[in-house]
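**Student:** Fold the following, please.
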Amino acid sequence: MQAIRSLFFLKWTSDVTLEGKTAIVTGGNTGIGKETVKDLAARGARVILACRDMTKGEQAASDIMRDVNGAKVVVRQLDLADTKSICLFAESIYNTEKALHYLINNAGVAICPYARTVDGYEMQFGVNHLGHFFLTFLLLDLLKHSSPSRVINLSSAAHAMGKIQFDDLDGAKGYHPVRAYAQSKLANVLFTRELAKRTEALGVMAVAVDPGIVNTEITRYVRRPLVDLVKAFSFLIRTPAEGAYTTIYCTVTPENQMVTGGFYRDCACANNCRAVQDDGTALKLWAVSCHLLGIRWR
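**Tutor:** Next comes the predicted model:
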């Protein structure tokens, strides 16, 4: 089984250190996020673990500090389903941090029953896209001040199945959890593309990442038949540590070897999906997102 797995998964390593760097990882208390925090802390970075559940966040930080000697990890409360919480989080960052070199928008919900955020948005679009869009907007000044810096948005291969339903973003006309998830992951990619254009001259790079199919808590709403199918092909399922490889690659790889606005999978740029090149939809989504959030972001 291990020999078969080795055919599918690239074992990537790097000895780059991040002493003096500061990173934020949303959803850093579990899964890919926790493994990302652990790796960056081992490289010497100061890592802010942003999570909704402070008890789980403190436990994750304790685990990481136990495993990584000298780890500089702190926990801050952030609920991406509540714009007030996002504002309070950003305010705390400006009050405590002098620099921010990496914003890793890792948190997300997947294939969940219909629900709305505190502000009334469909949950998957609201958390996966609008929450991170708003967070990035609020922290952009600090990212610019700390340039060269990076925004890394976790998407999914599911983005290729997505379509931005501009006439039904809240799912009121017909909600389907898989379609809603794919839409939110496509939104991550389109946001990245437009953000990169607007921030490249400011020294802020933006990339999107597909971590692959990973065994994490995000799949807790997946129905049993699909779970059974996935188990049958378990050799294709990545561990959280394996799922974090491309995120870490996009964090530590030198700027001149990266493509801002790029879509990365398996530690390489993979701009081969038509949606990744859709400038018109990316621009429209940007405008609609600003309108929904009541912000001006030129």
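**Student:** can we go C-alpha only for contacts and neighbour counts from here?
**Tutor:** OK.
**Student:** Excluding covalently adjacent residues, which one is nearest to residue 131?
**Tutor:** residue 80 (4.8 Å; Cα to Cα, 6 or more residues apart in numbering).
**Student:** ok, now how distant is residue 172 from residue 115?
**Tutor:** Distance, residue 172 to residue 115, using Cα to Cα, to the nearest Å: 11 Å.
**Student:** The two: which is more packed in?
**Tutor:** residue 115 (15 against 10; other Cα atoms under 10 Å).
**Student:** any idea how far the more buried one is from residue 177?
**Tutor:** Relative to residue 177, and taking Cα to Cα, residue 115 is found at 10 Å.
**Student:** And for residue 292?
**Tutor:** 21 Å.
**Student:** More neighbours: which of these two?
**Tutor:** The neighbour comparison of residue 292 against residue 177 (other Cα under 10 Å) goes to residue 177, with 18 against 11.
**Student:** which helix is the longest one in the protein?
**Tutor:** helix 177-199 (DSSP state H).
**Student:** residues of that helix that come out buried?
**Tutor:** 177-196, 199 (16 or more other Cα atoms under 10 Å).
**Student:** cool, and stretch 260-274?
**Tutor:** For stretch 260-274, by 16+ other Cα under 10 Å, it's 260-267, 269.
**Student:** out of those, which are inside strands?
**Tutor:** Using DSSP state E, the subset of these located in strands is 263-265, 269.
**Student:** which of those residues lies closest to residue 21?
**Tutor:** residue 264 (22.4 Å; Cα to Cα).
**Student:** contacting residues around that closest one?
**Tutor:** By Cα atoms under 8 Å, 6 or more residues apart in numbering, the contact list for residue 264 reads 207-210, 246, 250, 270-271.
**Student:** 7 Å instead, please
**Tutor:** Each residue near residue 264 by Cα atoms under 7 Å, 6 or more residues apart in numbering is listed here: 208-210, 270.
**Student:** what does residue 155 give?
**Tutor:** 185, 188-189, 208-210.
**Student:** got those as CSV, with distance to residue 71 columns?
**Tutor:** Formatted as CSV, those follow (distance: Cα to Cα, whole Å):
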residue, distance to residue 71
185, 31
188, 30
189, 31
208, 27
209, 25
210, 27
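**Student:** Looking at these, which one is closest to residue 84?
**Tutor:** Once Cα to Cα is applied, the member of those that ends up nearest residue 84 is residue 188, at 21.3 Å.
**Student:** ok, that closest one touching residue 129?
**Tutor:** Yes - the criterion here is Cα atoms under 7 Å, and residue 188 meets it with residue 129 at 5.9 Å.
**Student:** ok, which stretches of the stretch 101-250 of the chain are strands?
**Tutor:** When secondary structure is read from DSSP state E, counting those that start in this stretch, the stretch 101-250 of the chain shows strands at 102-105, 149-154, 204-210.
**Student:** Distance of residue 32 relative to residue 107?
**Tutor:** Distance from residue 32 to residue 107, by Cα to Cα: 9 Å.
**Student:** Likewise for residue 265?
**Tutor:** 18 Å.
**Student:** go on, residue 37?
**Tutor:** Distance from residue 37 to residue 107, by Cα to Cα: 12 Å.
**Student:** For those two, indicate the residue with more neighbours.
**Tutor:** Remark: of residue 37 and residue 107, residue 37 carries more neighbours, 33 against 26, as counted by other Cα under 10 Å.
**Student:** Checking my notes, the more buried one in a helix, right?
**Tutor:** Yes - counting by DSSP: H, G, I helix; E, B strand; the rest coil, residue 37 is part of a helix.
**Student:** Having no further points to raise, I will conclude here.
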